[in-house]
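Undergrad: Give me coordinates for this.
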Amino acid sequence: MTRTNPLRVLFFVEGFTDIRFVAGLSEICDLTMALPARAYEESTLKERIESSGARLRVHEIEGGRLAFQARSLAYLWSVARDFDVILSQEVLRGSLNATVVGAIRGVPVVTTMAISPVEYFRCRRERGQISEVACWAGESIIRTLMAINGKLATRCLALGPHLCDVSSRVCPRTKMGYYYGVDADVFRPADEVTRAGLRRLLRLPADRFLIVLASRISHEKDPETVLRAVALARARGLDALLLNLGGGYREFVTLARSLGIADHERWVSGRPAAHPMCELADYLRSADLLVQGSLAEGFGLSPLEALACHTPVVATDIGGMGAHLGPYARLTPRRDAAAMAAAILDVAANPEAARLDARRGRDYVRSHWDRARAFDSLRRDLASAAGVALALRAEEAA
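TA: Numbering: from 1, shown residues only. Predicted coordinates for the structure are as follows:
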């Protein structure tokens, strides 16, 4: 069956999503996105889409968690057959609405997995945010949602080999997905002159060892170990500046104070999340090192973006980062500040060797995680998932 018109895709989001993914998705299909109105505004995604020039329709669904669940179910029921395929973010409560409606209305639903739901949820218990009973109940609900969505979804696109293993346990139709990949034309190396110029432009000190932590501060991340590791490295003579770029950067600076870290005012800094399509790359290109500490990690695209800039990476050896970063980054055990400090000092003492690893990492990124490849793969997966339904509709129309 030959199709000349763009594929009509509904991207259904239950929470936050990334402008890089939305912009790329809008380039490969006739796109409509439906998502919670509050998250759309608070995440600055609305502002970023309006300024991006991306072509799509946005349907905002009002209400808190329960209201959104009910209203989005009614919304999906009313519009499902206007689309060739529904792309539903993650595999939990939002996707339950999408897969149930899709199964009844005869519309294929492709789910995505960019985090490991059970592992991430368990981090709340590890941090003491929930009780043991609440953890058991929540994990049971998550596993049930994953099982139902895995059974009903036409396909699940899981980010990286680790999450493919997680997803395939509940959805045998799992395929490797690449999310938004890495734009190697934007995340590109900088020579010493360019790096010095970028530091001036970004108002960053020229003579300090700049460590960037680009991830948000949330329950599955491990900023405490990063802070302690950099403090240990500084105690051994490294003049390091640790910069967090994220929506919770004020919380990050407050965390350093609450941990009782000496003279943190001199070396712990934070700024709002840099725009990932036009600002983040310059921070990574000007940095001496990217550090990513995590309690759980589905994949980790920030380290790949750093490697594409020839910027060395130190990261926790866990989940997706452990599965693919080994040859290109220095990986350290979970919650081991001393090992992370040693890795940081090794990069500082052997910058050429560290950048050689990062250069090989850029080759890996371009071969496996290039943005163009990511969206071409997504386009083919969506078209394939929609193919059976389109053929059936054509038969009905004939």
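
Undergrad: Excluding chain neighbours, what is closest to residue 62?
TA: residue 37 (5.0 Å; C-beta to C-beta, 6 or more residues apart in numbering). Heads up, the C-betas are built off the backbone N, CA and C, glycines and all.

Undergrad: Residue 330 too?
TA: residue 343 (4.0 Å).

Undergrad: I'd like the next helix or strand past the strand or helix carrying the one you found.
TA: Here residue 343, judged by DSSP states H and E, is contained in helix 337-349. Using DSSP H and E, the helix or strand that follows helix 337-349 in sequence is helix 351-368.

Undergrad: Identify the residues contacting that next one?
TA: 182, 184, 189, 288-289, 304, 306-313, 325, 327-330, 346-347 (C-beta atoms under 8 Å, 6 or more residues apart in numbering).

Undergrad: Could you pick out the buried ones from the residues you listed?
TA: Among the contacts of helix 351-368, those that count as buried by neighbour count (16 or more other C-beta atoms under 10 Å) are 182, 184, 189, 288-289, 304, 306-313, 325, 328-330, 346-347.

Undergrad: Among the residues you listed, which ones are in helices?
TA: 304, 306, 307, 308, 346, 347 (DSSP state H).

Undergrad: Surely the first one touches residue 182?
TA: Yes. With contacts defined as C-beta atoms under 8 Å, residue 304 counts as touching residue 182 at a distance of 5.1 Å.

Undergrad: Identify the contacts common to the two.
TA: Contacts common to residue 304 and residue 182, judged by C-beta under 8 Å, 6+ apart, are 365, 369.

Undergrad: What is the burial count for the nearest residue to residue 130 once chain neighbours are set aside?
TA: Spatial nearest neighbour of residue 130, excluding adjacent residues (C-beta to C-beta, 6+ apart): residue 124 at 4.9 Å. Other residues within reach of residue 124, judged by other C-beta atoms under 10 Å, total 17.

Undergrad: dump the residue contacts of residue 124.
TA: 130, 135, 138, 219.

Undergrad: what about the last one, neighbour count?
TA: By that I understand residue 219. For residue 219, using other C-beta under 10 Å, the count is 17.

Undergrad: repeat for the third one
TA: If you count neighbours by other C-beta under 10 Å, residue 138 ends up with 17.

Undergrad: distance of it from residue 122?
TA: To residue 122, residue 138 is 9 Å away according to C-beta to C-beta, to the nearest Å.

Undergrad: Check the first one too.
TA: For residue 130, the distance to residue 122 under the criterion C-beta to C-beta works out to 10 Å.

Undergrad: who has more neighbours, the two?
TA: residue 122 (20 against 17).

Undergrad: May I have the phi/psi pair for the more buried one?
TA: phi -60, psi -30 (degrees, to the nearest 10).

Undergrad: hmm, back to that, inside helices: which ones of the contacts of residue 124?
TA: 135, 138.

Undergrad: so which one among the contacts of residue 124 has the lowest pLDDT?
TA: Among the contacts of residue 124, residue 219 carries the lowest pLDDT, at 91.

Undergrad: How about the contacts made by it?
TA: Contacts of residue 219 by C-beta under 8 Å, 6+ apart are 120, 123, 124, 127, 129, 295.

Undergrad: make it 6 Å
TA: 123, 124, 127 (C-beta atoms under 6 Å, 6 or more residues apart in numbering).

Undergrad: related to what we said a few turns ago, Serialize the ones in helices among the buried ones among the contacts of helix 351-368 to JSON lines and add fields for pLDDT and distance to residue 199.
TA: As requested, these are exported to JSON lines (pLDDT from 0 to 100; distance: C-beta to C-beta, whole Å):
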{"residue": "304", "pLDDT": "97", "distance to residue 199": "23"}
{"residue": "306", "pLDDT": "97", "distance to residue 199": "16"}
{"residue": "307", "pLDDT": "98", "distance to residue 199": "20"}
{"residue": "308", "pLDDT": "98", "distance to residue 199": "19"}
{"residue": "346", "pLDDT": "98", "distance to residue 199": "23"}
{"residue": "347", "pLDDT": "98", "distance to residue 199": "18"}
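
Undergrad: ok so, going back, the helix holding residue 343 vs helix 351-368, what angle?
TA: Calculated by axes from the mean of the first three to the mean of the last three C-alpha atoms, to 10 degrees, helix 337-349 forms an angle of 100 degrees with helix 351-368.

Undergrad: ok, residues contacting helix 337-349?
TA: 209, 225, 228-229, 232-233, 238, 289, 312, 314, 330, 332-333, 354.

Undergrad: Return the members of those residues classed as buried.
TA: 209, 225, 228-229, 232-233, 238, 289, 312, 314, 330, 332, 354.

Undergrad: Of the residues you listed, which belong to strands?
TA: 209, 289, 314, 330, 332 (DSSP state E).

Undergrad: Same question for the residue lying closest to residue 205 once chain neighbours are set aside, what's its three-state structure.
TA: Nearest non-adjacent residue to residue 205, counting by C-beta to C-beta, 6+ apart: residue 241, 6.3 Å away. Three-state call for residue 241 (DSSP: H, G, I helix; E, B strand; the rest coil): strand.

Undergrad: Break this protein down into its domains, please.
TA: 8-181+371-397, 192-368 (automatic domain parsing).

Undergrad: Buried residues in the host helix or strand of residue 69, which are they?
TA: For residue 69, the host element (DSSP H and E) is helix 65-79. For helix 65-79, a neighbour-count test (16+ other C-beta under 10 Å) marks 68, 69, 72, 73, 75, 76, 79 as buried.

Undergrad: Which of the three states applies to residue 162?
TA: Applying three-state DSSP: residue 162 is helix.

Undergrad: Could you check how many residues crowd around it?
TA: 22.

Undergrad: same question, residue 293
TA: 26.

Undergrad: now, which of the contacts of residue 219 sits nearest residue 173?
TA: residue 123 (28.1 Å; C-beta to C-beta).

Undergrad: now whatever helix or strand that closest one lives in, how far from the chain's geometric center?
TA: Assigned by DSSP H and E, residue 123 belongs to helix 117-126. When distances are taken as C-alpha atoms, centre = their mean, to the nearest Å, helix 117-126 is centred 17 Å away from the chain's centroid.

Undergrad: One more: stretch 346-359?
TA: 26 Å.

Undergrad: likewise stretch 365-385?
TA: 16 Å.
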